[in-house]
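> dropping a prediction and its sequence here:
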Amino acid sequence: MGKRKSSKKSKDIVKNLTKKQKKHLRDFGEEHPFHDKVSDKIEPTRIVELSDISEQSDSASDTESVLEQATAYQHLCSTLKNVGADESESESESELEGKAEDEDDERKEEEVEVPDVDSEVDDENGQGEGDSFSAAEDSNAEKTLENDVVIHDNKDTNDLGDDFTDVKNEAKFCLESNYNVDENEVSCTHSSEDPFKQHVDTELDSNDLKTITQTKNTMQSKWTSLGQLVWTSPLLKETSIKELSCENLENLHLQKPLEATWPKLNSQTHAKAKLNEQKFFTPLQQGLFSIMNAYKDLYYPERTALQNGEEVRHTYCLHMINHVLKANSHVLNNNAKKYNRKADVDDEGLSDQGLTRPKVLIVVPFRDSVLRVIQTLIGLLDVKDKLEISNKKRFKDEYGSNPDDKPPNLKRPEDYEAIFAGNIDDHFRIGVAILRKSIRLYAPFYSSDIIIASPLGLRTIIKTEDDKTRDFDFLSSIEILIIDQADVYLMQNWEHVMHLLKHLNQQPHEPHGVDFSRVRMWSLNSWSKYYRQTLIFSALQNPQINSIYSKHCFNYKGQVAVRNMPQTGSICHVVVQLPHVFQRVDVSSFTGLPDARFEFFTQKILPQYREAVMSHTLIYIPIYFDYVRLRNYFNREELNYSHVCEYSKKSTINRARYHFLKGEKSFLLFTERFHFYKRYTIKGIRHLIFYELPTYPHFYSDICNMLKAENRGDEASWTCTVLYSKYDVQKLTRVVGAERAAQMIQSSKPVHLFVTGDDL
């Protein structure tokens, strides 16, 4: 009862404070002295002797002085020991309430500002008040997105403790305080042939750095498991490698217990027919692990959720956990050496870590992907069900899914079911610490070996430059970066991915209790990015994904990209009899492509569809900005049209589909992200216009086959028009095939015709 009274009293105090007083209370934990109530009565001076316990949990100034002597992990433990005190709870509750009220006020202000920005954009594009329904829809959509960001930020600041709740296991998983282990358990005397030891022990000089940043040697080869490979080696000594053969699979330099657990885990998931004689790898896994184990950067653009997603996930989990176990065992072994030495013995030769503990960063799009990664790690570490897992129940509750949540009669394509299986929340981040026979979920980032997060989850903690609460020091010593399902981020927000890459391997702003005598020299020299291995897995090749590989991979070991050209395109999967007219948009520069495409469409394509006989026309638009531009143009021209996008409400979608089917609306603007997330079948289509080629090749055949859904006997009048340019080579290749794409790009004729159908 005493707690409730104090809490209620503190709430009343907070309500009476002004916004400026609340901000000062949130930043400094006390009210400003200017607002203190001073009584005229002079009180006698009191002398108070502080106890040892109060000194540990006093003010921030005391803890900063202790930080110089204690490690970051010991400092974190000491500051969290006395969180159960009544006075501390009441003060923290009042501070959080004051912060919540301030953020609510800021949220309201942001909600009011969003429509003003939309109106300015619409006025600039000439929309005015022509389409009040469209403006209201877009403002509501952007308002919803803005609210989501505010809510996420609010959650991160008010409930920051939710990410760091496993305080009781801090000492158990602290690398600095663990060294009393058996020699057989550590076994960290890696041979000179171990790729891990060769990679981290290599010392670069300034001349090597100039060579890495200025010159690149490229060569090509072909493997039976992966196909055509392009090798990029900045240093001449780091050339291509040989593919692993079945004879030398035993010499993989796997840390215990992976040699015993990997065959069991892999054989349970994949058919025995795919595995080699030793039951170690499938042919795909064998090729991927050959490159990963050599610590070269890898770009594999053929990872699909429906076919080989689990094979790829198991392979990079094996490589990643093998790296973490070796790195941690190296630290523990040096701890034992240092403990057994005399105090006056020099610590030279014990450099075994980076500036911060996190070594691996895995970027995945959905919570279900995190669940699968953790399940794979547990399967690789669990020997005879003796693995100790912390916070397992909470993890299942937050990252698992309820099968009853899925509508029973929902029918979607197989690729849709594979991508959106399980929990598809895209805002999360979790730290994982591994030590001996234990795995710790929800570890603090600076006590974690592995960080698994979504781009949005990292963006809400990295934040912007003017935010004082931002933090990205935990990314300073990332040694392996894994970007899985990179194509999905194109459908989310690619800017979050680029924002993350800009903050990787930067020098930390605080020491975080690191022992600088144990830090590797190349980490102190800010050369960590030249030792970082980057693994990119995507379902397709895309210029934005290619930019990561070409501009953000600096590994001195070199890079490997799989470059298999599709010989047949997705146009072969169109089952309806339909003429496909491909019209090339000639443009001199890539920056001028959006304007050139818009001008070409409005002046040459759209006039052909203004007649009544060309009604029921669906316009497929991959980019949202082009969708807004066309919508504004249609409003100015007062064309009869409907539109659906990823932000449209269900009632708006149903109304647009109905009007389009009945012919009440001649045009339907249709965004690619709407099709990616919904996969609705649009009935009543007679004419198709692809404003730009789809990102996913099978989307082209999906949209074309929608004409079959409403068969009225007018198949002879169906048409399909596609706009493309010389900068759409990769997209065009996936639709029509490599040979035809080359001819269409190089041909002097700007128009090309293909006809599909069962009768041809």
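That came through, no problem.
> look up how far Lys665 lies from Ser615.
8 Å (CB to CB, to the nearest Å). To be clear about C-beta, it is placed using only N, CA and C from the backbone, and glycine gets the same treatment.
> those two: who's more crowded?
For Ser615 and Lys665, the more surrounded residue by other CB atoms under 10 Å is Lys665, and the numbers stand at 22 against 18.
> measure that one to Arg372 for me?
Taking CB to CB as the measure, Lys665 falls 43 Å from Arg372.
> what about the nearest residue to Ala305 once chain neighbours are set aside, neighbour count?
Distance criterion CB to CB, 6 or more residues apart in numbering; nearest residue to Ala305, sequence neighbours excluded, is Ala418 at 3.9 Å. When neighbours are counted by other CB under 10 Å, Ala418 registers 13.
> just the one 4 residues further on next, same as before
When neighbours are counted by other CB under 10 Å, Gly422 registers 19.
> just the helices in the stretch 351-500 of the chain please.
Ranges of helices in the stretch 351-500 of the chain, per DSSP state H, counting those that start in this stretch, are 367-381, 392-399, 414-419, 455-462, 486-491, 494-502.
> I'd like those helices as TSV, with mean pLDDT and distance to Ser192 appended.
Formatted as TSV, the helices of the stretch 351-500 of the chain follow (pLDDT from 0 to 100; distance: least, CB to CB, whole Å):
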stretch	mean pLDDT	distance to Ser192
helix 367-381	95	26
helix 392-399	93	39
helix 414-419	93	43
helix 455-462	95	37
helix 486-491	97	35
helix 494-502	96	33
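> okay, these in CSV with distance to Ser233 next?
Formatted as CSV, the helices of the stretch 351-500 of the chain follow (distance: least, CB to CB, whole Å):
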stretch, distance to Ser233
helix 367-381, 30
helix 392-399, 39
helix 414-419, 35
helix 455-462, 30
helix 486-491, 23
helix 494-502, 22
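> ok, which of those helices comes nearest Phe670?
Smallest distance to Phe670 across the helices of the stretch 351-500 of the chain (CB to CB): 14.9 Å, for helix 486-491.
> Arg440 contacts Ala433, correct?
Yes - Arg440 is within contact range of Ala433, at 4.1 Å (criterion: CB atoms under 8 Å).
> mutual contacts of those two, please.
Taking CB atoms under 8 Å, 6 or more residues apart in numbering as the criterion, Arg440 and Ala433 both touch Phe173.
> neighbour count for these two, which is higher?
Ala433 (27 against 23).
> please look at the more buried one and Asp449 and confirm they touch.
Yes - at 5.5 Å, Ala433 counts as touching Asp449 under the criterion of CB under 8 Å.
> disregarding residues adjacent in the polypeptide, which is nearest to Asn255?
Not quite, residue 255 is Gln, not Asn. By the measure of CB to CB, 6+ apart, the closest residue to Gln255 outside its immediate chain neighbours is Leu325, 4.1 Å from it.
> show me what contacts the one you found?
255-256, 258, 434.
> cool, and Ile462?
Contacts of Ile462 by CB under 8 Å, 6+ apart are 470-472, 499-500, 503.
> next one: it from Pro455, what distance?
Using CB to CB, Ile462 is found at 10 Å from Pro455.
> between the two, which contacts overlap?
499-500.
> how many neighbours does the closest residue to Tyr727 other than its chain neighbours have?
The shortest distance from Tyr727 to any non-neighbouring residue, by CB to CB, 6+ apart, is to Phe590 (5.3 Å). Neighbour count of Phe590, defined by other CB under 10 Å: 11.
> quick check, Phe590 in contact with Asp728.
No - in this structure Phe590 lies outside contact range of Asp728 using CB under 8 Å: 10.5 Å.
> circling back: now the residue nearest to Gln255: which helix or strand?
Assigned by DSSP states H and E, Leu325 falls within helix 309-340.
> between helix 367-381 and that helix, find me the angle.
Inter-element angle recorded for helix 309-340 and helix 367-381: 60 degrees (by axes from the mean of the first three to the mean of the last three CA atoms, to 10 degrees).
> check which residues of helix 309-340 are buried.
The neighbour-count check on helix 309-340 (16 or more other CB atoms under 10 Å) flags 309, 311-336 as buried.
> quick one on the thing from earlier: tell me which of the helices of the stretch 351-500 of the chain lies nearest to Arg657.
Closest among these, using CB to CB: helix 414-419, at 18.5 Å.
> from the chain's centre, how far out does that closest one sit?
Distance of helix 414-419 from the chain centroid (CA atoms, centre = their mean, to the nearest Å) equals 19 Å.
> which parts of the stretch 551-700 of the chain are strands?
559-562, 578-584, 617-621, 641-644, 667-671, 687-690 (DSSP state E, counting those that start in this stretch).
> now do the stretch 401-550 of the chain
Under the criterion DSSP E, counting those that start in this stretch, the stretch 401-550 of the chain contains strands at 429-435, 438-441, 450-453, 480-483, 533-537.
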